[in-house]
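Chemist: Sequence below, structure please.
(chains A and B)
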2 protein chains.
Amino acid sequence: MLPGVGVFGTGSTARVLVPMLKAEGFEVHALWGRSEEEACSLAKELSIPFHTSRSDDVLLHQDVDLVCIYIPPSMTRQIAVKALGIGKNVVSEKAATAVDSFQMLLMEGYVGEVQVCDVRVYGPSLLDQSYGWTCEDLMGGGGLHTVGSAIIDLLSYLTGTRAQRVHGLLRTFVQQNDTIRGIRRVTSDDFCFFQMLMGPCTGGVCCTVTLNFNMPGSFLHEVMVVGSTGRLVARGTELYGQRNGSKREELLLGDGSWAGPDVKDIPLPHLLGLGAMVKALRQSFQEHEERRLWARGPVAMAPTFEDGLYVQTVVEAVKRSSFSGEWECVEIMNKEPDPNHNICEAQKRNKN
Amino acid sequence: MLPGVGVFGTGSTARVLVPMLKAEGFEVHALWGRSEEEACSLAKELSIPFHTSRSDDVLLHQDVDLVCIYIPPSMTRQIAVKALGIGKNVVSEKAATAVDSFQMLLMEGYVGEVQVCDVRVYGPSLLDQSYGWTCEDLMGGGGLHTVGSAIIDLLSYLTGTRAQRVHGLLRTFVQQNDTIRGIRRVTSDDFCFFQMLMGPCTGGVCCTVTLNFNMPGSFLHEVMVVGSTGRLVARGTELYGQRNGSKREELLLGDGSWAGPDVKDIPLPHLLGLGAMVKALRQSFQEHEERRLWARGPVAMAPTFEDGLYVQTVVEAVKRSSFSGEWECVEIMNKEPDPNHNICEAQKRNKN
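Modeler: Numbering: from 1, shown residues only, chains lettered A, B, ... in the order given. As a prediction, this is how the structure comes out:
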């Protein structure tokens, strides 16, 4: 049975997500916005019966079993933890596309042994019109946090291995613009390059990722996997392949199946990915009678929160590397961080 | 007055170069090949009156004033030094294309302040059919030596600055193949990635270069320069540009002016570059009566031997970085290397 849905966020993703959910048969019962006005206006536009600017009103809403969170990253954790704590299901983060075909072909050995992955995402600035979390590295803004984390997840999924060592370089070329000036300065990266060495030390995979958001008027999203017997390239929503010995690329998957309206702020691959995720969610819940139970099968490729911890660890290692200039190891935390970290440091110093 | 030419080499470059030289009015008097047979066969094919396998026979040939050297890198130095020593002119190395238009647009401020350069060269294996210098890193084989050095030169020319620090990663994915096996192993790189930080520490340019020669059946040669107000991209022999605010790329230069025959082993950009260089050489020599004098103007963009030393220093730093895993500084040697380097080391050790 399909669960009732509560949505957090009034941005472009939320605006697209709600009609998608409804089209798959989900009922959206509640909407949360940062201000009463934002929530009210979007709820009216999307015909959502209840809106609020107090998060508990959505979390505790009796018809809400599934919570979809599309708000600034720094606020996501708090709400996700609370929702999970009271036994509700949580969906967060964006989704990619053409991924399952890609992975199927890799599994079938289309490229042979994977040697190199090369990802490039070019686009216009990620900054909001006004100063906000997108400008702040510590608030989760910037290319590495916003796009890089999805790429890390994708490459780990595609290659079936995890990053062992990373080397990165972050830059903020545009620190001020027409709307962000005076004493304010952008600290989040608009250019991010990193390398990941994945899998075993010998015979592992070299990944290079280039993110550049100083390119208004273009949107390029390319994922290339080169192996010993061929290569696969996803460009936007299309998947191409070329086997060694073949003279040209073949189009393996031309996913032009987006029948919905064009959405200005969201690139097509993300739009298609979001649509695919909502469909998988529907299948996952449909298999069970109880409205909070779901099947792993249809959403198997969606990253879990444990995957999220791994991705976050890689992101932190890239940031460390950009600072130190050295290769940094990716070491997943396996116990809770010490909440009194700073105090301990001070005590240690006093002892000496 | 045009000088008489002597050519070293019987490979694909020499085979293309000789007709180009003749078309511009140069007379090719002598050809050197590693074996008498190779030299004889190509001399007959290209109607060159004299051939030999002894280098002095070309260098001391009375009609030869200009020496063109297209032989394995490890042998080039010896011959170039000797030719220069007896007052002859020397041309060596390959040439690129579309470079002058590119640089003119950069000078005119098409992209504003340069932020990022991104170069990608993908192609089939660089190895010869049989075991030889192309397989050996120490003999100057591999992507970094063969293609990377030309890219370093290009980026320095385009940005008008030099690399300060580099970080690199070299890999040899294919260490053995059908013809190279047994105890023999390829040591030259077939995958090379490096970053160069150019110009001043703050406000400098980030360059990323990816060379992958495990991609048979494809030849991609892309140089992208991203700046504060727009970007320029050379793809193969075509130059595209897009200014911020514009919705699409414009074709700025479609250099399809190659009227000669297709040559299997040489990609079109190199072919066009070679043609342009021969034309510039002709103009350079024509301006003077004396056949060994030449004008700097037409060949101003050709790298000098001093540029060569800089490029070689960057290449060595990339190799050091791939070994150490750290950023390496580019420090140009400004005195002769100590010829007794090893002895001194041993002496130092004895003193301790």
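Chemist: before we move on, what SS does the spatially most central residue of chain A have?
Modeler: The centre of chain A sits closest to residue A:150, judged by Cα atoms, centre = their mean, with a distance of 4.0 Å. Secondary structure for residue A:150, judged by DSSP: H, G, I helix; E, B strand; the rest coil, is helix.
Chemist: For residue A:132, which non-adjacent residue is spatially closest?
Modeler: In space, and not counting its chain neighbours, residue A:132 is closest to residue A:72: 7.5 Å by Cβ to Cβ, 6 or more residues apart in numbering or on different chains. Any C-beta I mention is one placed from the backbone N, CA and C, and that applies to glycine too.
Chemist: sorry, back to before: so how far is residue A:316 from the residue nearest to the centre of chain A?
Modeler: In this view, residue A:150 and residue A:316 are 16 Å apart by Cβ to Cβ, to the nearest Å.
Chemist: swap in residue A:296?
Modeler: 28 Å.
Chemist: Looking at these two, which is more packed in?
Modeler: residue A:316 (16 against 10; other Cβ atoms under 10 Å in any protein chain shown).
Chemist: From the contact counts, what lies against the helix or strand encompassing that one?
Modeler: Assigned by DSSP states H and E, residue A:316 belongs to helix A:305-324. Applying 3 or more Cβ pairs under 8 Å, 6 or more residues apart in numbering or on different chains; DSSP states H and E, we find helix A:305-324 packed against helix A:149-159, strand A:163-171, strand A:191-198, strand A:328-329.
Chemist: Quick check: the nearest residue to residue A:113 once chain neighbours are set aside vs residue A:116, distance?
Modeler: Nearest non-adjacent residue to residue A:113, counting by Cβ to Cβ, 6+ apart: residue A:228, 4.5 Å away. Remark: distance between residue A:228 and residue A:116 (Cβ to Cβ) = 11 Å.
Chemist: Residue A:305 too?
Modeler: For residue A:305, the distance to residue A:116 (Cβ to Cβ) stands at 30 Å.
Chemist: between the two, who's got more neighbours?
Modeler: Between residue A:305 and residue A:116, counting by other Cβ under 10 Å, residue A:116 is the more crowded of the two (22 against 11).
Chemist: Which secondary structure element is home to that one?
Modeler: strand A:114-122.
Chemist: Name the strands paired with that strand and say parallel or antiparallel.
Modeler: strand A:205-212 (parallel), strand A:220-227 (antiparallel) (DSSP bridges).
Chemist: right, is the helix or strand following the last one up against chain B?
Modeler: Toward the C-terminal end, the helix or strand that comes next after strand A:220-227 (DSSP H and E) is strand A:230-235. Yes. Among the residues of strand A:230-235, residue A:231 lie within reach of chain B under Cβ under 8 Å from any Cβ of the partner chain.
Chemist: got the CA positions of strand A:230-235 in CSV?
Modeler: What follows is strand A:230-235, C-alpha atoms only, in CSV (Å, rounded to 0.1, in the frame of the first residue of the first chain):
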residue,chain,number,x,y,z
GLY,A,230,36.0,-0.9,-24.8
ARG,A,231,34.4,2.1,-23.3
LEU,A,232,31.0,3.5,-22.2
VAL,A,233,30.1,7.1,-22.2
ALA,A,234,27.0,8.7,-20.7
ARG,A,235,26.4,12.1,-22.1
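Chemist: Residues touching it, excluding its own?
Modeler: A:98, A:102, A:105-106, A:110-112, A:220-225, A:239-244, A:246, A:249, A:252, B:215 (Cβ atoms under 8 Å, 6 or more residues apart in numbering or on different chains).
Chemist: sorry, back to before: got the contact list for the residue nearest to residue A:113?
Modeler: Taking Cβ under 8 Å, 6+ apart, we find residue A:228 in contact with A:111-113, A:115, A:244, B:173-174, B:214.
Chemist: Now that we're looking at it, what pLDDT does it have?
Modeler: On pLDDT, residue A:228 comes in at 91.
Chemist: how about it, phi and psi?
Modeler: phi -70, psi -20 (degrees, to the nearest 10).
Chemist: ok so, going back, please compute how far the strand holding residue A:116 lies from its chain's middle.
Modeler: Here strand A:114-122 is found 17 Å from its chain centre; the criterion is Cα atoms, centre = their mean, to the nearest Å.
Chemist: picking up where we left off before, okay, the helices and strands packed on helix A:305-324, which one's buried deepest?
Modeler: Highest mean neighbour count of the helices and strands packed on helix A:305-324: strand A:191-198, a mean of 25 (counted as mean count of other Cβ atoms under 10 Å in any protein chain shown).
Chemist: Nearest residue to residue A:122 in space, please, no chain neighbours.
Modeler: What sits nearest to residue A:122 in space, not counting adjacent residues and going by Cβ to Cβ, 6+ apart, is residue A:220, at 4.2 Å.
Chemist: hang on, that neighbour packs against residue A:121?
Modeler: Yes. Residue A:220 lies in contact with residue A:121 (Cβ atoms under 8 Å); the separation is 6.8 Å.
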